[in-house]
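J.: Following is a predicted model, sequence given first.
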Amino acid sequence: FFHPCCRFDRFSVLLGVLSPGTITDGTTSVTVFYGGKQTAVSVECITLDHISVNLTPREYTVDEELISSNVTVKAVYSDTITTETIELDNCSFTLGTTPITLPYKFDTAGDYTLMVTYDDMTSDPVNIHVKDKDGYHEDNGNYVVTEPEGLQKLFAAHPTNDFAGKTITLDKNLAYTVDTTDRPLAETFKGELHGNGATVTITGGIQGLFNEIGTGGKVLNVDIEVSGSISGGGHVGAVAGSNYGTIQSCDVTVSKQIQVDSNSGTGAAYSGGIVGQNKSGGNISDCEVIVNSTISTERNGGAAAYAGGIAGDNSGWIDGNCTVTVKTGGSITATNTDAAACAGGIVGDNDYYGSVDCGPAIGADGSICANAYQDEGKYIASVTTTPITTGTTGTTGTAVKWPDNDQDWIYAYAGTKWGKDFYGQPSG
């Protein structure tokens, strides 16, 4: 009249006497006495093996509560078949190392572990992710970006803020996404962006992360993937259009074009893997650019066109271990129909007092090419070697004077380090 597989600590006989009186672990049979008769029954005693926790959902938002209905705790016994749902009132809960009671409100974003204890047995940890409401939070006046969409949301919420004196910290374990179709993250950025090795993917737009990095601004240790075309006017780069601050240890992969097109204006134009222009006072160091697509500048006369693997134009410092690799099918190109064009593996034009202490660019079947046109024809200076290691570290080609108008400002320069050195002070 009872099941031969029973829990020794819960077994009871209502109508008779049981021998032995207490069933313990290891008991294999019992004898039941009733009405002067007895019967022996084989039993298998099972014990509590472990407890399991089912938590749904496992992702929460700051100020959201973990409630009892989210949690199911089961006892699993030694036969691996018998289970029992445990009342939560008989359990204790620990979040990380902190004892909690349900309901529990999450007040800080982060990754946590929940453990449940019952009958002196503790469950395996259950992972919980708590998100910031907007993907970021403020910390002593600075900002910590905790979700992939949080970087764009932070700048969208402060459209006129240059973040001077502020630090923005990214999580190295996250992959962030930015779209600059309507505007870059900031027109001028004077704060510090600490990437910690995090990857930021630019899905396309009119600019890289920033239009300008101002004096005092810093972008450090950010990996940037250009997965959608960046096409703007004037000056364009994956990190910024122009830089007066510091860019350090930023690696850029150009999988789609970075371009200043011919319809974007009439002034001088600059495109670069890191920045369009590295201005006086700007410092770029220990950065790597891999060109799988095109870095290009186009102009229809009126002013020069410059393109470079690190910067289109440099009046500041490019030092440390900056490298540019132009992959098969990749190119760095400057084209102009009625004025100068300069393309360089590191910089297109090393301008007044600019310093370049790295390079030249290397590559397999990539190309670095400058094209200058006029009505009577064109002059082309290019470097297309396999690999790009044997080209000059200075310039190839010379200035071209067109016979009909004696215009010596129409020229094309291309080189694996810089296209043209104009009153600069390059190293190496």
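T.: All right, it came through fine.
J.: use CA for all of it now, contacts and neighbours both
T.: OK.
J.: contacting residues for the closest residue to Ala311 other than its chain neighbours?
T.: Leaving aside its chain neighbours, Ala311 sits nearest to Gly272 (4.1 Å; criterion: C-alpha to C-alpha, 6 or more residues apart in numbering). With contact set as C-alpha atoms under 8 Å, 6 or more residues apart in numbering, Gly272 has these partners: 236-238, 258, 295, 307-312, 347.
J.: shaky segments in this protein?
T.: Along the chain, the model assigns pLDDT under 70 to residues 1-28, 264-265, 364, 374-409, 422-428.
J.: Would you map the helices across it?
T.: Along the chain, counting by DSSP state H, helices occupy 150-157.
J.: Point to the residue nearest the middle of it.
T.: Thr199 (2.0 Å; C-alpha atoms, centre = their mean).
J.: show me the contacts for that one.
T.: 172, 174-176, 222-225.
J.: In strands, which of these appear?
T.: Counting by DSSP state E, the contacts of Thr199 place 175-176, 223-225 in strands.
J.: Please type out the ChimeraX selection for whichever of those residues turn out to be buried.
T.: Restricted to buried positions by 16 or more other C-alpha atoms under 10 Å, the ChimeraX selection for the ones in strands among the contacts of Thr199 reads:
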select :175,176,223,224,225
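J.: Quick one: the ones in strands among the contacts of Thr199 as JSON lines, columns for distance to Lys133 too.
T.: Converted to JSON lines, those look like this (distance: C-alpha to C-alpha, whole Å):
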{"residue": "Ala175", "distance to Lys133": "18"}
{"residue": "Tyr176", "distance to Lys133": "16"}
{"residue": "Asp223", "distance to Lys133": "25"}
{"residue": "Ile224", "distance to Lys133": "25"}
{"residue": "Glu225", "distance to Lys133": "26"}
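J.: which stretches of the stretch 301-428 of the chain form strands?
T.: Using DSSP state E, counting those that start in this stretch, the strands of the stretch 301-428 of the chain run over 305-308, 311-314, 317-319, 323-326, 331-336, 341-344, 347-350, 355-356, 362-363, 367-374, 377-383, 399-402, 407-415, 418-421.
J.: closest to Asn161 out of those strands?
T.: Asn161 lies closest, by C-alpha to C-alpha, to one member of these: strand 311-314, at 25.8 Å.
J.: Can you point out the buried residues in the closest one?
T.: By neighbour count with 16+ other C-alpha under 10 Å, strand 311-314 contains the buried residues 311-314.
J.: And stretch 176-188, by the same measure?
T.: 176-181, 183-188.
J.: end-to-end on that stretch?
T.: Distance between the boundary residues of stretch 176-188 (C-alpha to C-alpha, to the nearest Å) amounts to 20 Å.
J.: So Thr181 is in contact with Gly205, correct?
T.: Yes. Look at Thr181 against Gly205 with C-alpha atoms under 8 Å: they come within range, at 3.7 Å.
J.: quick one on the thing from earlier: make JSON lines from the buried residues of strand 311-314 and add distance to Thr83 to it.
T.: As requested, those are exported to JSON lines (distance: C-alpha to C-alpha, whole Å):
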{"residue": "Ala311", "distance to Thr83": "66"}
{"residue": "Gly312", "distance to Thr83": "69"}
{"residue": "Asp313", "distance to Thr83": "71"}
{"residue": "Asn314", "distance to Thr83": "71"}
